[in-house]
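Trainee: Prediction below, plus the sequence it came from.
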Amino acid sequence: MSIPQSGGGPIEHHDQLAQYLADGCKPKDQWRIGTEHEKFGYCKDTLKPLPYEGERSILAVLTGLRDRHDWAPILEGDKLIGLEKAGANISLEPGGQLELSGAPLETIHQTCDEVNNHLSDVKAIADEIGVGFIGLGAAPIWTHDEMPLMPKGRYALMDEYMQTVGTAGQTMMRRTCTVQVNLDFETEVDMVQKLRVALALQPVATALFATSPFFEGKVNGHKSWRSRVWRHLDPDRTGMLPFVFDEGFGFEAWVQYALDVPMYFVYRDGVYHNALGQSFRDFLKGELPALPGETPTLSDWADHLTTIFPEARIKKFIEMRGADGGPWRRLCALPAFWVGLTYDQSALDAAWDMVKGWDAETREALRVAASVDGLQAEVGGLKMLDLARETVRIAESGLAARARPGAGGLVPDETHFLNALKESVENGQSLADEFLDQYHGEWNGDLTRIYREYSY
């Protein structure tokens, strides 16, 4: 979840809302890659989730990172709730999931180095206090009652609201993890093509990165339970957004959509003011019940945009949001997948050619099927494994065309970051399939083995 946004002045006319998004447009030589990933922390001896405070806690990990690695603290009241340094930040998801929101970097070599350094730093601190971290799409064993709620005002409000919309909001907040990548666009036209490709192919990413076939200690019947959870949330702010594929879609259409998403809060002077279910349109008119007479700033608009959770979304960049959290080596595969598809025009055109004939019903059916059956999904003659194979091939061609070297020039491009996905399409199995094979085989139904074998 995002930290409070800042730096935006008063909104004096409607055009500023779309202009805020358009200000993200960058020439291609300034495009960057921002990788985000979340992971669950737990006590190694009990396998219980970490509380916020205590000898073995989220606070202990944050404090260790702050003191040893020169991260600046982010406080809410007197609570340490995040860290920031050099364009990156470390934040807390509602259930204590630790998230790295990486700095905007030029290559996947750099973003993977950032991930590796972060996980090494976290592991060194965690090992000293008997804590482990694991990347999975959903917590495999823990129940709702075992999960803490982090001391952030935003989360207290969201937790209350989530009980009134959908059926799985509190589960999403406490017991799911993802890996995401944030990517740039050059123009409004470029944004539209990228966002359409992102939404249409998000089910393929869900299938390739599926790691959540277990929940509350049992096989749950899905390859990505995280995706299933997201399909049972507040429909006003989630989903596959069919309107993005309408003729004439652009920044203003996104503004109109966002204005109709009910608000969560307004952040003022370190306090989250309850605006649950209220209208940003009323806020623009100075008629927000939470703050009567006040009108919003661009910072308020930026905050509101962070409360919209579709499978892909735009702010001043595009966020790819459909993948489960995963093991260390797959964290670099996610940015490689999307950079390969979208940062080379020939690859982007090829990806669009794949999906441009799909209607909204097909895209939604693929989303559901990816959640349930992963790479074995099939919708109307479209086989997910075939789609994944072709998509990875296009991504590889895009990375080869980018030709961004690493390791001091010894590695000619970024294509090797796709190796984990190439293995999946070659053997027809995601990690969820591998987990299930192990669970029914050598683990003999002992789900605690997943912590020992797949933790960072």
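Mentor: Now that the structure is in, tell me what you want to look at.
Trainee: what about Ala124, which SS state?
Mentor: Here Ala124 is helix, with the state taken from DSSP: H, G, I helix; E, B strand; the rest coil.
Trainee: separation between it and Leu65?
Mentor: 10 Å (Cβ to Cβ, to the nearest Å). Every C-beta, even on glycine, is put in place using the N, C-alpha and C of the backbone.
Trainee: go on, Ala168?
Mentor: For Ala168 relative to Leu65 (Cβ to Cβ), the value is 31 Å.
Trainee: check contacts around Pro262.
Mentor: Asp236, Arg237, Leu276, Gly277, Gln278, Ser279 (Cβ atoms under 8 Å, 6 or more residues apart in numbering).
Trainee: before we move on, the earlier item: between Ala124 and Leu65, tell me which one has more neighbours.
Mentor: Remark: of Ala124 and Leu65, Leu65 carries more neighbours, 21 against 13, as counted by other Cβ atoms under 10 Å.
Trainee: Please identify the helix or strand for the more buried one.
Mentor: helix 58-69 (DSSP states H and E).
Trainee: so what strands line up beside the helix or strand following that helix?
Mentor: Downstream of helix 58-69, the next assigned helix or strand under DSSP H and E is strand 72-76. Next to strand 72-76 in the sheet, as set by DSSP bridges, lie strand 79-85 (antiparallel).
Trainee: which strands and helices sit next to the next helix or strand after the strand it pairs with?
Mentor: The helix or strand immediately downstream of strand 79-85 is strand 88-92, counting by DSSP H and E. For strand 88-92, the elements it packs on are helix 58-69, strand 79-85, strand 98-101, judged by 3 or more Cβ pairs under 8 Å, 6 or more residues apart in numbering; DSSP states H and E.
Trainee: hmm, who's touching strand 88-92?
Mentor: 1-3, 58, 62, 65, 71, 74, 81-84, 98-103, 114, 118, 150, 152.
Trainee: I only care about the residues you listed that end up buried; give me the ChimeraX line for that.
Mentor: Buried residues among the contacts of strand 88-92 (16 or more other Cβ atoms under 10 Å), as a ChimeraX selection:
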select :1,3,58,62,65,71,74,81,82,83,98,99,100,101,102,103,114,118,150,152
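Trainee: so Thr35, which of the three states?
Mentor: Assignment for Thr35 (three-state DSSP): strand.
Trainee: Next, find the distance separating it from Glu12.
Mentor: 36 Å.
Trainee: quick one, which of those two is more surrounded?
Mentor: Thr35 (29 against 8).
Trainee: thought the more buried one was touching Leu183?
Mentor: No. Look at Thr35 against Leu183 with Cβ atoms under 8 Å: they stay out of range, at 10.2 Å.
Trainee: Do a quick rundown of the helices in the stretch 351-456 of the chain.
Mentor: 360-373, 384-402, 419-427, 431-440, 449-454 (DSSP state H, counting those that start in this stretch).
Trainee: Okay, now stretch 237-254: how far is its last residue from its first?
Mentor: Taking Cα to Cα, to the nearest Å, stretch 237-254 runs 12 Å from one end to the other.
Trainee: starting at the chain centroid, how far to that stretch?
Mentor: Stretch 237-254 sits 19 Å away from the centroid of its parent chain (Cα atoms, centre = their mean, to the nearest Å).
Trainee: next one: stretch 26-34
Mentor: 19 Å.
Trainee: now swap in stretch 94-114 and tell me
Mentor: That offset, for stretch 94-114, works out to 11 Å (Cα atoms, centre = their mean).
Trainee: any idea of the mean pLDDT in it?
Mentor: Averaging pLDDT along stretch 94-114 yields 98.
Trainee: what's the neighbour count on Pro296?
Mentor: Around Pro296 there are 22 residues (other Cβ under 10 Å).
Trainee: elements contacting the helix or strand harbouring Tyr20?
Mentor: In the assignment (DSSP H and E), Tyr20 maps to helix 15-22. In terms of contacts (3+ Cβ pairs under 8 Å, 6+ apart), helix 15-22 is packed against helix 251-259, helix 298-305.
Trainee: need the ones you listed in TSV with mean pLDDT, can you?
Mentor: TSV is the format used below for the helices and strands packed on helix 15-22 (pLDDT from 0 to 100):
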stretch	mean pLDDT
helix 251-259	98
helix 298-305	97
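Trainee: coming back round to it: among the helices of the stretch 351-456 of the chain, which comes closest to Tyr272?
Mentor: helix 360-373 (31.4 Å; Cβ to Cβ).
Trainee: orientation of the closest one relative to helix 384-402 in degrees?
Mentor: If you take axes from the mean of the first three to the mean of the last three Cα atoms, to 10 degrees, helix 360-373 sits at 100 degrees to helix 384-402.
Trainee: which secondary element of the chain has the worst mean pLDDT?
Mentor: helix 328-331 (a mean of 90; mean pLDDT, DSSP states H and E).
Trainee: can you tell which of the helices of the stretch 351-456 of the chain is closest to Ile108?
Mentor: Nearest of those (Cβ to Cβ): helix 384-402, 7.8 Å.
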